[in-house]
Each structure stands twice: as C-alpha cells, then as structure tokens.
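Colleague: please work out how this folds:
(one chain, ligands or ions: 1)
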Amino acid sequence: MEKQTIQPFLTVANYHLLEQQMNKIILTLATTKDKDVILAVHGIVDSEITAKLALSTEEAELIEQLFDVTNRAQGDAYSEQLKLYVIPFKAVTASTIKSLFKKEKKLKLPKLEEMDFHEICYLAWDDPGTHRKYVVLEQDEKLKSIKGTFSNDTIRGICAICNRHSDVGLFTTSVKGQIVGTFTNYSNYICADSQTCNRHVTDIEKTQAFFERITQ
Ligand SMILES: [Zn+2]
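Modeller: Have a look, this model is predicted:
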C-alpha cells in the first residue's frame, strides 16, 4: 500500500513550514480539549499552508493527514513520511565547495557526511579557529558562496535569516565597493547554530533575499 507515486514536491522550507504547523496542532491538543479552539487552530494551519503551497489533489491528500496527528510520536512518524517528498539541497561534495571558495587558502570543509540534505535549505559551517562562517545556497539553480566572520558573543535576539527569537551572534560580510580598495561591511545577527536556523526557515524567498542584500 505504501507505494510512492507522488514525486518529491516539497522544498526544504515547505517541509519545515509543515512541521511548524503540525507542532502548533500538537501543542494545542496538549493544552486544551475545547473543540472550538482546536477547530480554530486547524483553520489557521489550513490557511497558512494554502497560502504558501500550491498542491495537486494527491499532494493535498497527503498533507491533510497532518490534521490526524494527535501526539508527538505520530508527529515524528508523519515527519518521516513527509521527508520522502522533500526535494533535498543540491548535492555538493568537498570538491564543489573547494571550487566555490577557490580564493580561501586554508578552507575548513564542512562535515558533509553529518548533514541531512533533506533538512537544510542553505548550507553553513564554521571555522572556530578563524571565526569564519561559510554559507552556500542555491539561487537561480546556481550555487552561491558567501564568506563572513561570526562573533562568538551570542545574545538572545531575532535572527535575520529565519526571523525567529534565538541565540544569535553578529555575522559580518564584506563586499567590494564601486571604488577600488573600498568595502562595504554588513553586520547582522543570525542564529549561532545554523542547523537550528535551517529548521526555522519556512520561507526560502526571505532567506534568499537576506543573502542577496548582504552580498551586493
Ligand atoms: Zn536563524
């Protein structure tokens, strides 16, 4: 019965949006038995999903199962099932990364084998020795690389990438100016933990717009 006929159709950000909405339902069920409240939350979740995802009938049937989830264990099982329909982050290898950061003399590579490419919409890793943070993301089907420094002093604040309240630190990028020898620096607070940040991204366009802004 569990034959997969639907092709992957969810972006990683879509997947995280669905997880976030499902968590909303689980949390509601854990805190109230009031049917009206539960129905209202279902309504909100439904409109959030409809606003962001254009679904075929078959895809919609799959997504609607989200409303049958009543507890964490079922939620985890549903998440696992949904993952089969996620379009993963573009496959990158160590040599892809080396060619993206050609000018970096002592580039520290990310632990790619530890990354779940179905869970990330941008790839980021740190070099604690040099305080560098490296980012790779897909834009117009091409991979874009960004390099910056990341301060170790983290505070509680809003992340410029995922827009969530979290432990953030200052990420500074430097872009060549119009006049030779000049630079423009951009400093923004972003999540210290990029894996957590990825899980909070539910709108990839906002994330892309942020990276666009700091590289121009
Ligand atoms: Zn974040």
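Colleague: any idea how the protein splits into domains?
Modeller: Domains of the chain are assigned by automatic domain parsing as 12-83, 114-213.
Colleague: Three-state assignment for R156, please.
Modeller: strand (DSSP: H, G, I helix; E, B strand; the rest coil).
Colleague: the helix or strand bottoming out on mean pLDDT in the chain: which residues count as buried?
Modeller: When the helices and strands of the chain are compared on mean pLDDT, DSSP states H and E, helix 204-213 comes out lowest with a mean of 92. Residues 204, 207-208, 210-211 are the ones in helix 204-213 that count as buried (16 or more other CB atoms under 10 Å). Quick note: C-beta positions are derived from backbone N, CA and C, even for glycine.
Colleague: do the same with stretch 51-66
Modeller: For stretch 51-66, using 16+ other CB under 10 Å, the buried residues are 53, 55, 59, 62-63, 66.
Colleague: so which of these is the closest to T173?
Modeller: L53 (31.5 Å; CB to CB).
Colleague: for the nearest residue to that closest one once chain neighbours are set aside, phi and psi?
Modeller: Excluding its sequence neighbours, the residue lying closest to L53 (CB to CB, 6 or more residues apart in numbering) is N14, at 5.9 Å. The phi and psi torsions at N14 (degrees, to the nearest 10) take the values phi -60, psi -40.
Colleague: wait, doesn't N14 sit right on K52?
Modeller: Yes. Using CB atoms under 8 Å, N14 is in contact with K52, at 7.1 Å.
Colleague: what touches both of the two?
Modeller: Taking CB atoms under 8 Å, 6 or more residues apart in numbering as the criterion, N14 and K52 both touch T202.
Colleague: pLDDT weak spots in the protein?
Modeller: Residues of the chain that meet the criterion pLDDT under 70 lie in 1-4.
Colleague: got the contact list for the closest residue to H165 other than its chain neighbours?
Modeller: Closest residue to H165 apart from its sequence neighbours, by CB to CB, 6+ apart: I158 at 5.9 Å. Counting by CB under 8 Å, 6+ apart, I158 makes contact with 164-166, 168, 189.
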